[in-house]
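Colleague: Build the 3D model from these lines:
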Amino acid sequence: QVQLVESGGGLVQAGGSLRLSCAASGRTFSTHTMGWFRQAPGKEREFVATISWSDSSTRYADSVKGRLTISRDNNKNTVYLLMNSLKPEDTAIYYCTAYDLGGGRYWGQGTQVTVSS
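Modeller: Residues are numbered from 1 along each chain as shown. Here you go, the predicted structure:
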């Protein structure tokens, strides 16, 4: 099993910045990619970004390209999401996820991000 704990959410004004963290523990050697999804009220959970543990290759949703940056610290088993130029439409619960080599998925409990206009 892999445990994921997010932190760093909060309330910020439009145009501001936040940095989310996701600390992984447990069988982290079984995972190959980590990432972030988000879910706004009344909407489905949507993809935000992913990063590979091996070569740090990244993918982003079009809606966040140029504003959000995903990064990792292998020594700390931690993934970060730096969010700049935040917009009210970025308001959501942000979930950390890990992809298992065996095809499984793990999820954190989520952290709330609220962007006021």
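Colleague: what's the distance between stretch 86-100 and the middle of its chain?
Modeller: From the chain centre to the centre of stretch 86-100 is a distance of 5 Å (C-alpha atoms, centre = their mean, to the nearest Å).
Colleague: What of stretch 64-72?
Modeller: Stretch 64-72 sits 9 Å away from the centroid of its parent chain (C-alpha atoms, centre = their mean).
Colleague: Compute the first-to-last residue distance for that stretch.
Modeller: Using C-alpha to C-alpha, to the nearest Å, the end-to-end distance of stretch 64-72 comes out at 18 Å.
Colleague: who touches it?
Modeller: 34-36, 48-51, 53, 56, 58, 60, 78-86, 90 (C-beta atoms under 8 Å, 6 or more residues apart in numbering). Placement of C-beta: from N, CA and C, glycine included.
Colleague: Looking at these, which are in strands?
Modeller: The members of these that map onto strands under DSSP state E are 34-36, 48-51, 58, 60, 78-83.
Colleague: Now a ChimeraX select for only the buried ones of the contacts of stretch 64-72.
Modeller: To isolate the buried ones among those in ChimeraX, judged by 16 or more other C-beta atoms under 10 Å, type:
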select :34,35,36,48,49,50,51,53,60,78,79,80,81,83,86,90
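Colleague: tell me the contacts of the residue nearest in space to the middle of the chain?
Modeller: With the centre of the chain defined as its mean C-alpha position, the nearest residue by C-alpha atoms, centre = their mean is Trp36, 2.8 Å away. With contact set as C-beta under 8 Å, 6+ apart, Trp36 has these partners: 20, 22, 48-50, 70, 79, 81, 94-97.
Colleague: any chance of these in JSON lines, with pLDDT and distance to Val115 too?
Modeller: Shown next, in JSON lines, are the contacts of Trp36 (pLDDT from 0 to 100; distance: C-beta to C-beta, whole Å):
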{"residue": "Leu20", "pLDDT": "98", "distance to Val115": "13"}
{"residue": "Cys22", "pLDDT": "97", "distance to Val115": "20"}
{"residue": "Val48", "pLDDT": "98", "distance to Val115": "14"}
{"residue": "Ala49", "pLDDT": "98", "distance to Val115": "17"}
{"residue": "Thr50", "pLDDT": "97", "distance to Val115": "22"}
{"residue": "Ile70", "pLDDT": "98", "distance to Val115": "18"}
{"residue": "Val79", "pLDDT": "96", "distance to Val115": "21"}
{"residue": "Leu81", "pLDDT": "98", "distance to Val115": "14"}
{"residue": "Tyr94", "pLDDT": "98", "distance to Val115": "12"}
{"residue": "Tyr95", "pLDDT": "98", "distance to Val115": "17"}
{"residue": "Cys96", "pLDDT": "98", "distance to Val115": "19"}
{"residue": "Thr97", "pLDDT": "97", "distance to Val115": "22"}
